[in-house]
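Enquirer: Sharing a sequence plus its predicted fold:
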Amino acid sequence: MENSFIIQIDHLTKRFPVGKGYFTALKDISLSFGRGEFAGLVGPSGSGKTTMLNIMGSLDSPSQGTARVMGQSVSELSHKDSARLRNRHIGFIFQTFNLLPVYTVFDNVEFALLLQKIPSARRKKMVMDALEWVGLTDKAHSRPNMLSGGESQRVAIARAIVKKPEILLADEPTANLDAENSHHILRTMQKLNEQLKTTFLFATHDEKVMQYLKRKISLRDGRVEKDEVAETINL
Amino acid sequence: MIRFLLKGILRDKSRSVLPVLVVSLGVMLTVFLSGWVTGVFGDVIDMNARFNTGHVKVMTRAYAHERDQKPNDLALLGTTELIRQLEKDYPDMQWVERIYFGGLLDVPDEKGETRAQGPASGQAVDLLSPGSREAERMNITHSVVSGKMPQRQGQALISHEFAERFDVKPGDPVTVFASTMYGSMAFKNFTVSGTLRFGNAMLDRGAVIVDIRDARQALNMEDAAGEVLGFFEQGKYLPGKALEVKNSFNRKYSRQEDEFSPMMLTLGDQEGLDEMLAYSESVVGIVIFVFVLAMSLVLWNTGLLGGLRRYGEFGVRLALGEEKPHIYKTLIYEAFIIGLIGSVLGSAIGVGLSFYLQEHAVDFGSMTENMGMMMPSEFRAVVTPQLFYIGFIPGLFAMVLGNALSGIGIYRRQTARLFKELEV
């Protein structure tokens, strides 16, 4: 990498076609994130948080400006390369968990490793390690419909971290959880961030999440309103 | 990855049950219809060959020209020598003489006066020579309803229908009135050895079966026969081989300018059977084409609905770093696996059904009794080696094609849009 930043956004603008015109979701944003950050994009609905996360996850590309992830410019990546970037370096956690319902917990977590063609024995160990991280080894053979919301989100975390990604993008990860489960999940993420040095980037407007963030970037109408380091965080 | 896909197929019933049912049904129908069509057409052709056309047939040119009327005045002469020559030229074939004649069958009372009379459709075949396979070839032995096969000259088998109508029993005398080869009136007394029913209205109507020696005597046809039929040893009609034999025979013996010179026709040359053979082959092709088309449309639709339902799954898989072509490829693998399962199931049911209808024929006697064409009254399917694989063509092709078409949607959608649909 050319510098110490794991993600570098430079004068990024994103427009979406709407009818005959365009809607500008992100306007001239410049940001950078270093390794091991625990940061969040906060703001109301429609402020551009998810669009920003999608671009950082190489699921979308900027209309103007650049977004470099792991040293690679997202807009210059081929489909194949951006898939490889996601597979090797980026994990996703979704608001609605999005576990594959017909597969067991083990299968869900294993899937990303299957794509990397990791041998079976090593894959099994990695899956069980990830489940141990989130405290769900006893649920390995359960189906998602047998899990609570908190357990489902922990499986989603295990699925995201099993390949040991450098970056973990979480879009409203606690939106469907009660307070107790939210704190449990956030503490798990905090622990992973500290011990594995994974960079966590959240898109949220949940106050509970904000208590844990070390850095808060406030977005409003597609612009960065504030970028602040938290003075106190929930430990 | 294959294990992963298999788990998905087996556990996600909505992904697999409907397509497996559609494929199984289509394959079952394809296999069964192929077996049925092959069986029915095969039976019709085989029956025509045994009773009428042979695999090849030798007649005089003049007789061939009017062969529908079976004109014995134009019959082949010197058939003993002709057969000797045929056996020498084509040693892997069997050659038999046949005489067909029409006339009246007269049933006398105890005083010898006519008690009843009806039209007779006579067939003279070699029933009495040791080693003759004519009775077996024409299924005469198994068609005897009462009495027994002729044991010596002067005995005849008559249609069971005729016997019932005129109250004739085995052992009763009957007289056949016909005309000789030279056009004069002929009559000969026979003793009814038995009654028979072929199960074909055309054959059963006034049938009289006698030994060829008796017919020769009665019709003044010594060393003559209306037709000489040739059969391949395997018992199956081989169109290429038959054409080869026909061409070589006609080159050697047939002369355009001599209407009494012998000429050979193949089975396909007679009674429009060539068209029927071609039709039977094309019907199987048409059946497969129709089912591939119909099933592809259904499976395309099923694939589209399934694809829409699975956009969330595709979004997750893209987020986890799977490439679009890989997702598309796995869809095709899934389609192949489902197609394979459906094809195996459908083929098993189709072959089973065909086997059942091979063993238990369906009686269409009431529909075929007035047909001018020689058709069996019972139709049956036939299990051929082809049935074990033919269903896999529509089964796999339609499933893969249907899913390949519906899967194009993945390419058309932008990654971020697929991903966004996760949240819907």
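Expert: Cool, the structure landed.
Enquirer: list the helices and strands the helix or strand containing A:D107 packs on?
Expert: Element membership for A:D107, per DSSP states H and E: helix A:105-115. Secondary-structure packing of helix A:105-115 (3 or more C-beta pairs under 8 Å, 6 or more residues apart in numbering or on different chains; DSSP states H and E): helix A:120-133, helix A:149-161, helix B:2-11. (Each C-beta comes from the backbone N, C-alpha and C, glycine too.)
Enquirer: then the second one to CSV, C-alphas only?
Expert: Below are the C-alpha coordinates for helix A:149-161, written out as CSV (Å, rounded to 0.1, in the frame of the first residue of the first chain):
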residue,chain,number,x,y,z
GLY,A,149,-32.1,-12.4,16.4
GLY,A,150,-29.0,-11.9,18.5
GLU,A,151,-27.7,-15.4,17.7
SER,A,152,-28.4,-14.8,14.0
GLN,A,153,-26.4,-11.6,14.0
ARG,A,154,-23.6,-13.3,15.8
VAL,A,155,-23.6,-16.0,13.0
ALA,A,156,-23.4,-13.1,10.5
ILE,A,157,-20.4,-11.7,12.4
ALA,A,158,-18.8,-15.2,12.3
ARG,A,159,-19.4,-15.4,8.6
ALA,A,160,-17.9,-12.0,8.1
ILE,A,161,-14.8,-12.6,10.2
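Enquirer: ok so, going back, lowest average confidence across the helices and strands packed on helix A:105-115, which one?
Expert: Among the helices and strands packed on helix A:105-115, helix B:2-11 carries the lowest mean pLDDT, a mean of 84.
Enquirer: Tell me how far B:G39 lies from chain A.
Expert: Distance, B:G39 to chain A, using C-beta to the nearest C-beta, to the nearest Å: 43 Å.
Enquirer: Which stretches in the stretch 301-424 of chain B count as strands?
Expert: Here the stretch 301-424 of chain B has its strands, by DSSP state E, counting those that start in this stretch, at B:362-363, B:378-379.
Enquirer: Can you get me a residue count around B:H55?
Expert: The tally of other residues near B:H55 (other C-beta atoms under 10 Å in any protein chain shown) stands at 26.
Enquirer: does it really touch B:Q234, like I thought?
Expert: No: judged on C-beta atoms under 8 Å, B:H55 makes no contact with B:Q234 at a distance of 9.7 Å.
Enquirer: JSON lines for the helices and strands packed on helix A:105-115, including distance to A:G57 and mean neighbour count?
Expert: Shown next, in JSON lines, are the helices and strands packed on helix A:105-115 (distance: least, C-beta to C-beta, whole Å; neighbours: other C-beta atoms under 10 Å in any protein chain shown):
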{"stretch": "helix A:120-133", "distance to A:G57": "20", "mean neighbour count": "16"}
{"stretch": "helix A:149-161", "distance to A:G57": "11", "mean neighbour count": "25"}
{"stretch": "helix B:2-11", "distance to A:G57": "23", "mean neighbour count": "15"}
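Enquirer: Tabulate those in a markdown table, adding columns for distance to A:F200.
Expert: Converted to a markdown table, those look like this (distance: least, C-beta to C-beta, whole Å):
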| stretch | distance to A:F200 |
| --- | --- |
| helix A:120-133 | 14 |
| helix A:149-161 | 10 |
| helix B:2-11 | 28 |
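Enquirer: Of all these, which one is nearest B:V125?
Expert: Minimum separation from B:V125 across the helices and strands packed on helix A:105-115 (C-beta to C-beta) falls at helix B:2-11, 60.4 Å.
Enquirer: Using CSV, list the CA coordinates for the closest one.
Expert: Extracted in CSV, the C-alpha atoms of helix B:2-11 (Å, rounded to 0.1, in the frame of the first residue of the first chain):
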residue,chain,number,x,y,z
ILE,B,2,-21.1,-29.4,-5.5
ARG,B,3,-21.9,-30.8,-2.0
PHE,B,4,-22.9,-27.3,-1.0
LEU,B,5,-25.3,-27.0,-4.0
LEU,B,6,-26.7,-30.5,-3.4
LYS,B,7,-27.5,-29.5,0.2
GLY,B,8,-29.3,-26.4,-1.1
ILE,B,9,-31.3,-28.4,-3.6
LEU,B,10,-32.3,-31.1,-1.2
ARG,B,11,-33.3,-28.7,1.6
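Enquirer: Check what contacts it and list those residues.
Expert: Helix B:2-11 is contacted by residues A:100, A:102-103, A:107, A:111, A:114, B:15-16, B:330, B:333-334, B:337-338 when judged by C-beta atoms under 8 Å, 6 or more residues apart in numbering or on different chains.
Enquirer: likewise stretch B:66-81?
Expert: Residues outside stretch B:66-81 that contact it (C-beta under 8 Å, 6+ apart) are B:58-60, B:62-63, B:82, B:97, B:99-102, B:179-183, B:219, B:221, B:223-228, B:259-260, B:262, B:270.
Enquirer: Now do the phi/psi pair for the closest residue to B:M59 other than its chain neighbours.
Expert: Leaving aside its sequence neighbours, B:M59 sits nearest to B:E227 (C-beta to C-beta, 6 or more residues apart in numbering or on different chains; 5.4 Å). Reported as degrees, to the nearest 10, the phi and psi values for B:E227 are phi -140, psi 150.
Enquirer: Now for B:E227, how many residues are close by?
Expert: 24.
Enquirer: coming back round to it: work out the gap between the helix holding A:D107 and the centre of the chain.
Expert: 17 Å (C-alpha atoms, centre = their mean, to the nearest Å).
Enquirer: again, but for stretch B:224-238
Expert: Remark: stretch B:224-238 is offset 17 Å from the chain centroid, using C-alpha atoms, centre = their mean.
Enquirer: and what of stretch B:26-46?
Expert: The chain centroid and the centroid of stretch B:26-46 are separated by 8 Å under C-alpha atoms, centre = their mean.
Enquirer: hang on, the earlier thing: thinking the residue nearest to B:M59 is in contact with B:A64, fair?
Expert: No: B:E227 is not in contact with B:A64 according to C-beta under 8 Å; the separation is 9.2 Å.
Enquirer: From A:P165, how far off is A:K125?
Expert: With the distance defined as C-beta to C-beta, to the nearest Å, A:K125 ends up 18 Å from A:P165.
Enquirer: what do you get for A:G65?
Expert: For A:G65, the distance to A:P165 equals 24 Å [C-beta to C-beta].
Enquirer: same thing with A:G149?
Expert: Applying C-beta to C-beta to A:G149 and A:P165 gives a distance of 23 Å.
Enquirer: which residue sits closest to the closest residue to chain B within chain A, ignoring its sequence neighbours?
Expert: Going by C-beta to the nearest C-beta, chain B is nearest to A:N87 of chain A, at 2.3 Å. In space, A:N87 comes closest to B:G321 once its chain neighbours are excluded; the distance is 2.3 Å by C-beta to C-beta, 6+ apart.
Enquirer: Give the full set of residues in contact with that neighbour.
Expert: Counting by C-beta under 8 Å, 6+ apart, B:G321 makes contact with A:83-88, A:90, A:112, A:115.
Enquirer: do that again at 6 Å, thanks
Expert: The contact partners of B:G321, by C-beta atoms under 6 Å, 6 or more residues apart in numbering or on different chains, come to A:83, A:86-87, A:115.
Enquirer: Of the residues you listed, which is the most crowded?
Expert: Sorting the contacts of B:G321 by how many neighbours each has (other C-beta under 10 Å) puts A:R86 first, at 27 neighbours.
Enquirer: Spatially nearest residue to that residue, not counting backbone neighbours?
Expert: Nearest to A:R86 is B:G321, by C-beta to C-beta, 6+ apart, at 4.0 Å.
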